[in-house]
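Colleague: Task: produce atomic coordinates for the following.
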Amino acid sequence: MKLRGRRARPMRAALALTGILAGSLLVSGCGEDGLDPRTDNPFAERALLVDTGSRTAQAAAAAEQAGDTRGAEVFGRVAEVPQAIWLTPERTPPGQVGEYVEGIVRAADDVDRLPVLVVYGIPDRDCSGGYSAGGLDASGYLAWVQEIADAATSGEPAVAVLEPDALASAQECPDPTQRVELVGGAVDVLAEAGVATYLDGGHSHWLAPRDMAGLLTDAGVDRVRGFATNVSNYQLDEDEVAYAERLSGLLDGAHYVVDRSRNGVGAEEEWCNPDGRAFGLEPEVVAGEGALDAYLWVKPPGESDGTCNGGPPAGDFWAEHTLEMAVRSGW
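Modeller: Numbering: from 1, shown residues only. Predicted structure coming up:
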């Protein structure tokens, strides 16, 4: 039996972005200048940015101030792992998101690190799950994406993961044709700006590769770097790579990234704040192994999937759950 496809999303973006991960992803020879966002691995030249103002980092500071030694240790350790920064119109609306992303890019450039942004504002967002419901209306969506794209290339370009769930859940939404067209429009905007972009491609226990390949093709995956899998889900690395390689083969060798932030012990039937999960291995660049570019922490693992199984709203930091995951991870 397949796992339910829906996965809830973070709803708030962190504000301070000044830190780096010491000794993180190794960088190779040539500089960032001249990289092609479609044909070159964007992770090969710069290590990933760590957001020192993330909610997890804030929780670590609060725990330390409160004398909670265990919380400070666990939350601080999680916060040191580079994680994607989520952009939603609720937190960074049109007219504000550009300035916010420019701040991210400046902070990343100052420390020569690569930020990963998640663009998450499609109309009828989370139409199948409801925990992260919202998004923009169709008339304003592409202008918001354009603002992000312009800001993301205001310095050294960022990486974008585009619209988690939007394609895989399209048939569950009120207007699936419009949804695919809007994702395709966002693809065009990001591609024109030169942002290395990965469309969300579901995960290994959701749609069949051929069905997902058709949706990605319709949305224009051939115009960007590739696709992302397992975003905010729990599937094991080996299952995701097997799925993604099949998908890549149907897409003329499109490259991909895998979210491993919470897949340390794999998945179960429950997708929303399941018990007994563990952190995955830390992010890493992959070279010369099929079409895989990198393993990432796209979903910040300390943040809730939504108000299910006792969790706070989607994207809020959940201390108790994070501590339970740490125990399961052997921390």
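
Colleague: All the strands of the stretch 151-300 of the chain, residue numbers only.
Modeller: Per DSSP state E, counting those that start in this stretch, the stretch 151-300 of the chain carries strands over the ranges 159-162, 196-200, 226-229, 255-259, 284-285, 292-296.

Colleague: quick one: which helix or strand includes the residue lying farthest from the centre of the chain?
Modeller: Farthest-out residue of the chain from its mean C-alpha position, per Cα atoms, centre = their mean: residue 67, at 32.2 Å. Taking DSSP states H and E as the definition, residue 67 sits outside all helices and strands.

Colleague: first to last residue in stretch 254-269, what's the distance?
Modeller: 29 Å (Cα to Cα, to the nearest Å).

Colleague: May I see the strands of the stretch 151-300 of the chain arranged in CSV, with mean pLDDT, distance to residue 269 and mean neighbour count as well?
Modeller: (C-beta placed from N, C-alpha, C; glycine too.) Compiled in CSV, these are given as follows (pLDDT from 0 to 100; distance: least, Cβ to Cβ, whole Å; neighbours: other Cβ atoms under 10 Å):
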stretch, mean pLDDT, distance to residue 269, mean neighbour count
strand 159-162, 98, 25, 27
strand 196-200, 98, 21, 29
strand 226-229, 98, 19, 28
strand 255-259, 98, 19, 28
strand 284-285, 94, 29, 18
strand 292-296, 97, 24, 25
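
Colleague: can I get those in JSON lines with distance to residue 320?
Modeller: Listed next are the strands of the stretch 151-300 of the chain as JSON lines, based on distance: least, Cβ to Cβ, whole Å:
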{"stretch": "strand 159-162", "distance to residue 320": "28"}
{"stretch": "strand 196-200", "distance to residue 320": "29"}
{"stretch": "strand 226-229", "distance to residue 320": "29"}
{"stretch": "strand 255-259", "distance to residue 320": "23"}
{"stretch": "strand 284-285", "distance to residue 320": "29"}
{"stretch": "strand 292-296", "distance to residue 320": "25"}
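
Colleague: Where does the prediction get shaky in the stretch 201-331 of the chain?
Modeller: 288-289 (pLDDT under 70).

Colleague: Tally up the residues packed near residue 36, please.
Modeller: As a burial measure, residue 36 scores 10 neighbours (other Cβ atoms under 10 Å).

Colleague: got it, and residue 251?
Modeller: 23.

Colleague: what's the answer for residue 276, then?
Modeller: Residue 276, neighbours per other Cβ under 10 Å, totals 11.

Colleague: Tell me what angle the longest helix seen in the chain forms with strand 196-200.
Modeller: Using DSSP state H to define each element, the chain has its longest helix at helix 176-193. Counting by axes from the mean of the first three to the mean of the last three Cα atoms, to 10 degrees, helix 176-193 lies at 170 degrees to strand 196-200.

Colleague: Could I have the CA atoms of helix 176-193 written out in PDB?
Modeller: The C-alpha coordinates for helix 176-193 follow below in PDB (Å, rounded to 0.1, in the frame of the first residue of the first chain):
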ATOM      1  CA  PRO A 176      -5.000  20.700 -12.200                       C
ATOM      2  CA  THR A 177      -4.400  22.200 -15.700                       C
ATOM      3  CA  GLN A 178      -4.000  25.700 -14.300                       C
ATOM      4  CA  ARG A 179      -1.700  24.400 -11.600                       C
ATOM      5  CA  VAL A 180       0.700  22.700 -14.100                       C
ATOM      6  CA  GLU A 181       0.600  25.800 -16.200                       C
ATOM      7  CA  LEU A 182       1.500  28.000 -13.300                       C
ATOM      8  CA  VAL A 183       4.400  25.800 -12.300                       C
ATOM      9  CA  GLY A 184       5.500  26.000 -15.900                       C
ATOM     10  CA  GLY A 185       5.300  29.800 -15.800                       C
ATOM     11  CA  ALA A 186       7.500  29.800 -12.600                       C
ATOM     12  CA  VAL A 187      10.000  27.500 -14.400                       C
ATOM     13  CA  ASP A 188      10.300  30.000 -17.200                       C
ATOM     14  CA  VAL A 189      10.800  32.900 -14.800                       C
ATOM     15  CA  LEU A 190      13.500  31.100 -12.800                       C
ATOM     16  CA  ALA A 191      15.200  29.800 -15.900                       C
ATOM     17  CA  GLU A 192      15.300  33.200 -17.500                       C
ATOM     18  CA  ALA A 193      16.800  34.700 -14.400                       C
END
